[in-house]
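Novice: prediction below, plus the sequence it came from.
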Amino acid sequence: ERRAALAASSGPGATADGHKVPLLANVGGPADVPAALEAGAEGVGLFRTEFLFLDDSKNAPSEEKQVEAYRQVLEAFPEGRVVVRVLDAGADKPLDFLTPGDEPNPALGVRGLRTLLDHPDVLRTQLTALAKAAEGLPVYLEVMAPMVADRADAKAFADACREAGLRAKFGAMVEIPSAALRARSVLQEVEFLSLGTNDLAQYTFAADRQVGAVSRLQDPWQPALLDLVALSAEAAKAEGKSCGVCGEAASDPLLACVLTGLGVTSLSMGAASIPYVRATLAKFTMAQCERAAAAARAADSAEDARTAAQAVLSGE
Ligand code: PEP
Ligand code: MG
């Protein structure tokens with residue numbers, strides 16, 4: 001079955017009726033690039049830059065070291081898109097020299113963009129390094145911030161990008177329900193949205209992503225999560241902008257069809273999932289994806305949502 005999926009699967013992501021849905025890879029650094037290329041990724045939808053910061057517990061990596069690492073990833077996708085996420089420190093990714101050690105609820109504390117706004121020098125160095133890394137390359141660089149809560153956060157990030165002289169699209173991750181609820185307001189400041197469904201599920205259901213006992217609530221098929229995806233995608237469409245998904249949700253082939261039906265414009269996932277998602281998406285039309293999405297949203301549980309979408313797509 002694996003071989004069949006891979007054989008049937010090459011070229012750009014699209015529905016059966018030719019509606020394009022770029023399939024992008026999540027990478028953690030240059031080491032993940034070969035697998036992304038082999039899977040036929042059309043670019044990178046989430047470059048997690050945390051890896052660069054793990055070697056030294058006291059200092060941020062030098063600008064030169066960052067330029068080198070970013071350039072290696074950018075060079076691998078000529079004419080492709082590369083979406084770089086600036087440092088997401090804190091909560092499940094603590095960094096000694098940046099993350100406050102005394103927070104009662106680190107996931108609700110200073111993490112993601114909040115950390116960077118408290119340490120503008122770290123953000124400035126990262127954005128400058130990205131600007132230098134992209135110089136002279138034909139790649140479509142997009143840079144996004146994790147944990148954007150509202151329009152003020154989006155503006156602070158966009159201002160920092162402009163001040164660093166970055167020639168790229170600036171975006172906001174939607175990982176906090178407030179950003180999904182007010183997506184149109186956030187979009188006044190940035191050019192694209194990317195849904196981080198892992199954290200969006202955590203914050204929507206008040207269910208820590210690291211606590212197995214509440215994993216039922218982390219299921220990305222939860223209809224409440226699908227509602228927030230739909231709100232974000234509709235807002236982006238109304239503003240003429242894009243809204244991708246880069247959380248784990250995008251790697252489930254059936255859910256990928258549902259997300260497409262909700263209006264999501266690109267899907268980013270671990271490279272190993274790309275052939276399966278590509279093959280499944282190619283079997284269904286946009287209208288079928290939309291019907292599956294409506295059926296899933298009409299359900300009252302994650303399990304019923306999955307069953308309902310499956311029934312629509314298998315023509316039952
Ligand atoms: C997410 O939260 O869905 C996401 C893509 O970011 P991370 O898993 O790195 O927090
Ligand atoms: Mg996240």
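Specialist: Looks like it arrived, so ask away. Ligands and ions are numbered 1, 2, ... in the order given.

Novice: how about the helices in the stretch 151-300 of the chain?
Specialist: 151-163, 177-181, 183-186, 197-204, 223-238, 253-261, 274-281, 286-297 (DSSP state H, counting those that start in this stretch).

Novice: once you drop chain neighbours, what's closest to Met30?
Specialist: No Met there; residue 30 is Pro. With sequence-adjacent residues excluded and distances taken as Cβ to Cβ, 6 or more residues apart in numbering, Pro30 is closest to Gln72, at 3.9 Å. Bear in mind the C-beta positions are built from the backbone N, C-alpha and C, glycine included.

Novice: look at the one you found and give its secondary structure.
Specialist: With DSSP: H, G, I helix; E, B strand; the rest coil as the basis, Gln72 sits in helix.

Novice: which one of the helices of the stretch 151-300 of the chain lies closest to Gly13?
Specialist: Nearest of those to Gly13, taken as Cβ to Cβ: helix 274-281 at 5.3 Å.

Novice: tell me what that closest one is packed against?
Specialist: helix 2-7, strand 23-27, helix 253-261 (3 or more Cβ pairs under 8 Å, 6 or more residues apart in numbering; DSSP states H and E).

Novice: pLDDT averaged over the second one - what is it?
Specialist: Just to be clear, that refers to strand 23-27. Strand 23-27 carries an average pLDDT of 98.

Novice: check stretch 129-137 too.
Specialist: Per-residue pLDDT over stretch 129-137 has a mean of 95.

Novice: from the helices of the stretch 151-300 of the chain, which stretch is densest packed?
Specialist: When you average the neighbours per residue for each of these (mean count of other Cβ atoms under 10 Å), helix 253-261 leads with a mean of 26.

Novice: pretty sure Leu117 contacts Leu123?
Specialist: Yes. If you go by Cβ atoms under 8 Å, Leu117 and Leu123 touch, sitting 7.4 Å apart.

Novice: and those two? which has more neighbours close in?
Specialist: Set side by side, Leu117 and Leu123 show more neighbours around Leu123, with 24 against 16, by other Cβ atoms under 10 Å.

Novice: contacts only, for that one.
Specialist: Going by Cβ atoms under 8 Å, 6 or more residues apart in numbering, Leu123 touches Val86, Leu87, Leu116, Leu117, Ala160.
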